[in-house]
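Engineer: Using only what follows, build the 3D model:
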Amino acid sequence: MQRISTAHPHALFDTAATRRIEAAAAAALPPHTLMQRAGRATARLALALAPHARTIWIACGGGNNGGDGLEAAMLLQRGGHPVVVTWLGTPDALPADARRSWQRAREAGVRFADAPPPLGPQDLCVDALLGIGLTAQARPQAPDPRLTAWLAQMHAGPAPTLCVDLPSGLIADTGQFAPGLAPAAAGAPAAARHTLALLTLKSGLFTGHGRDAAGSVWLDDLGVAAPAEAPGAWLAGPPPAAPRAHASHKGSYGDVAIVGGEGLAARGMGMTGAALLAAGAALHGGAGRVMVALLDGGAATALPQQPELMLRRFDALALQQGTVVCGCGGGAAVAAVLPQVLREARRLVLDADALNAIAADPQLQQQLRERALRPDSATVLTPHPLEAARLLACDTAAVQADRLAAARALADRFGCTALLKGSGSVVATPGHPPRINPTGNALLATGGTGDVLAGLAGARLAAAAQADAAAAFDAASHACWLHGAAADQWPRGRALTASALAQALGHA
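Structural biologist: Down below sits the predicted model:
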């Protein structure tokens, strides 16, 4: 059993692949072996999480996930631990393995109850109600009222919860809750949550609502050899260490040109701060030189807070050299420069208003697609869900319903790397499994942090040896990991602002 951390990449498998892995393992082992191993793993982790619990409440469903819980209850009961089981099943309707575990639990003297016991902070809930059977296509239309009541009690109660394989109600492949099974209370759960994934890690644990629902994630492979299945996605790991050689200079790490920051003159809506945040992130993210072309007629002539940044008129930039980050605070002004940027920039990060302008203009969309035909170009899109919806001509709900599919659709449609921001940001590129970023937290929910991410992606892309699709994929993934890691290391009690985040990037 291992606890999943941000320090290493991990393979992720969808429901169909997990079922194939499970079927192959079950065929090679004596009957009931996998459920016994799952129950043993659950009981072991339950005792590690709550060694002094006065009560361990195990809520079991009527399928094999409930069977895992019943098996754990039997082992805990035999070990003299205080177990109470609430159960939604009926003996005649149980799968064969689950029925055997139910019989073992009864024979061990496990206490079955009609309602959950009272629990305190030192006790433990075990959620073994629903497994990986929920999909976007097959959802329960009328959940058992006991199921929803028990889930609500786990979410709002003072005792920590251990979820067996998957938080009940969460769809394994998407990280979204099935209708009627989302927590009624907004915000994070009242007590700590843990999830013990069995056999495989599922993508839904790490994106969408999955991170809040799952909490700390553990994996037990149940003694099954590494699957021959190709992963459907990866949980991203940290970028490789890249020590700087003594015999290097600023040109060794690339130039970044920030194009954005509409001024007050056109619409009375100044957004130069967004461009300067992206520039600061590129600077602190390691770029050799950073230039800023503000789309305000050159009103700014000096940047006393960051004199390292070099101001340029847009027409003075050599777009084909270095990396261009376009769109941060670009407003309506960015549309006028986009055709030239798309045509001339070899390394390009498109963010914010650049994405909105492209979504509204079929000719710009065609230019973006044509970049994929050039062997010497690298392109990264960094949309939030609304910007992604505009690019895909759908709504935000459709994007969030399946974030991995949305990121893949963006990458395939425009032939580039797409970084779909949000909880568990997804990075996709054509022909490769997407990566889900494991770092970051709610401190990033403040204005300007997306501009910081775009600037950092520009710095990572500028440092790449080649301008190609692989470089774009790695630059976006590594920037996302470092951006989130900086927030994870943020000092407790100190407000996170985008400008402070940019300055902290070098320490992530």
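
Engineer: care to break the protein down by domain?
Structural biologist: 2-224, 252-507 (automatic domain parsing).

Engineer: can you list these in a markdown table and add distance to Gly237?
Structural biologist: Heads up, the C-betas are built off the backbone N, CA and C, glycines and all. What follows is the domains of the chain, written out as a markdown table (distance: least, Cβ to Cβ, whole Å):
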| stretch | distance to Gly237 |
| --- | --- |
| domain 2-224 | 4 |
| domain 252-507 | 7 |
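
Engineer: do you know which of these lies nearest Pro231?
Structural biologist: Across the domains of the chain, Pro231 has its closest neighbour in domain 2-224 (3.8 Å, Cβ to Cβ).

Engineer: All the helices of the stretch 351-500 of the chain, in order from the start?
Structural biologist: Using DSSP state H, counting those that start in this stretch, the helices found in the stretch 351-500 of the chain span residues 353-359, 362-371, 385-392, 396-401, 403-414, 449-463, 469-488, 498-504.

Engineer: ranges for the helices of the stretch 51-200 of the chain?
Structural biologist: Defined through DSSP H, counting those that start in this stretch, the helices belonging to the stretch 51-200 of the chain, from first to last, are 64-78, 96-107, 145-156.

Engineer: if we can go back for a sec, need the domains of the chain in TSV with mean pLDDT and mean neighbour count, can you?
Structural biologist: Compiled in TSV, the domains of the chain are given as follows (pLDDT from 0 to 100; neighbours: other Cβ atoms under 10 Å):
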stretch	mean pLDDT	mean neighbour count
domain 2-224	93	20
domain 252-507	93	21
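
Engineer: measure the residue nearest to Ala128 when sequence neighbours are not counted to Phe112 for me?
Structural biologist: Using Cβ to Cβ, 6 or more residues apart in numbering and skipping the chain neighbours, the partner closest in space to Ala128 is Gly69 (2.6 Å). According to Cβ to Cβ, to the nearest Å, Gly69 and Phe112 sit 12 Å apart.

Engineer: So for the two, which residues contact both of them?
Structural biologist: Overlap between the neighbourhoods of Gly69 and Phe112 consists of Val85, taking contacts as Cβ atoms under 8 Å, 6 or more residues apart in numbering.

Engineer: residues in contact with the residue minimising distance to the centre of the chain?
Structural biologist: When Cα atoms, centre = their mean is applied to the chain, the residue found nearest the centroid is Gly424 (1.3 Å). Gly424 makes contact with 175, 206-208, 210-211, 403, 436-438 under the criterion Cβ under 8 Å, 6+ apart.

Engineer: quick one: the most far-flung residue of the chain relative to its centre from Gly69, how far?
Structural biologist: Note on the chain: the largest C-alpha distance from the chain mean falls to Glu107, namely 43.0 Å (Cα atoms, centre = their mean). As judged by Cβ to Cβ, Glu107 and Gly69 stand 16 Å apart.

Engineer: Find the nearest non-adjacent residue to Gly175, please.
Structural biologist: Leaving out its chain neighbours, Gly175 is closest to Gly208 (Cβ to Cβ, 6+ apart), at 3.0 Å.

Engineer: Over to Gly66?
Structural biologist: Nearest to Gly66 is Cys60, by Cβ to Cβ, 6+ apart, at 3.7 Å.

Engineer: what's the answer for Asp361, then?
Structural biologist: Ala335 (7.1 Å).

Engineer: for the one you found, what are its contacts?
Structural biologist: Here Ala335 is in contact with 357, 361, 364 (Cβ under 8 Å, 6+ apart).

Engineer: helix or strand for it, which one?
Structural biologist: Ala335 belongs to helix 334-344 when assigned by DSSP states H and E.

Engineer: Tell me how far stretch 99-106 lies from the chain's centre.
Structural biologist: Stretch 99-106 has its C-alpha centroid displaced from the chain centroid by 38 Å (Cα atoms, centre = their mean, to the nearest Å).

Engineer: ok, now stretch 367-385?
Structural biologist: Between the centre of stretch 367-385 and the centre of its host chain there is 22 Å, according to Cα atoms, centre = their mean.

Engineer: hang on, the earlier thing: test my guess that the residue nearest to Gly175 contacts Arg403.
Structural biologist: Yes - counting by Cβ atoms under 8 Å, Gly208 touches Arg403, with 5.7 Å between them.

Engineer: Find the residues that touch each one of those two.
Structural biologist: Common neighbours of Gly208 and Arg403 (Cβ under 8 Å, 6+ apart) are 174-175, 422, 424.

Engineer: from the residues you listed, which is closest to Thr42?
Structural biologist: Set against Thr42, the nearest of the shared contacts of Gly208 and Arg403 by Cβ to Cβ is Gly175 (22.1 Å).

Engineer: My read is that that closest one contacts Ala233, right?
Structural biologist: No - with contact defined as Cβ under 8 Å, Gly175 and Ala233 do not form a contacting pair (11.2 Å).

Engineer: what's the overlap in contacts for the two?
Structural biologist: Shared contacts of Gly175 and Ala233, counting by Cβ under 8 Å, 6+ apart, come down to Ser203.

Engineer: At which residues are the strands of the stretch 51-200 of the chain located?
Structural biologist: 56-60, 83-87, 111-113, 124-128, 161-164, 193-198 (DSSP state E, counting those that start in this stretch).

Engineer: Let's have those in a markdown table, adding distance to Met35.
Structural biologist: Compiled in a markdown table, the strands of the stretch 51-200 of the chain are given as follows (distance: least, Cβ to Cβ, whole Å):
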| stretch | distance to Met35 |
| --- | --- |
| strand 56-60 | 12 |
| strand 83-87 | 15 |
| strand 111-113 | 19 |
| strand 124-128 | 11 |
| strand 161-164 | 11 |
| strand 193-198 | 10 |
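
Engineer: In contact with Ser168, which residues?
Structural biologist: 61, 65, 127, 129-130, 147, 151, 181.

Engineer: no, scratch that, I was asking about Ile56
Structural biologist: When contacts are counted by Cβ under 8 Å, 6+ apart, Ile56 touches 46, 50, 76, 81-84, 123-124, 126.

Engineer: and which of these is nearest Gln340?
Structural biologist: Taking the contacts of Ile56 together and measuring to Gln340 by Cβ to Cβ, the closest member is Val126, at 59.6 Å.

Engineer: Not counting residues beside it along the chain, what's closest to that closest one?
Structural biologist: Ile58 (4.2 Å).

Engineer: so what's that neighbour up against?
Structural biologist: Taking Cβ under 8 Å, 6+ apart, we find Ile58 in contact with 69-70, 72-73, 83-86, 126, 128.
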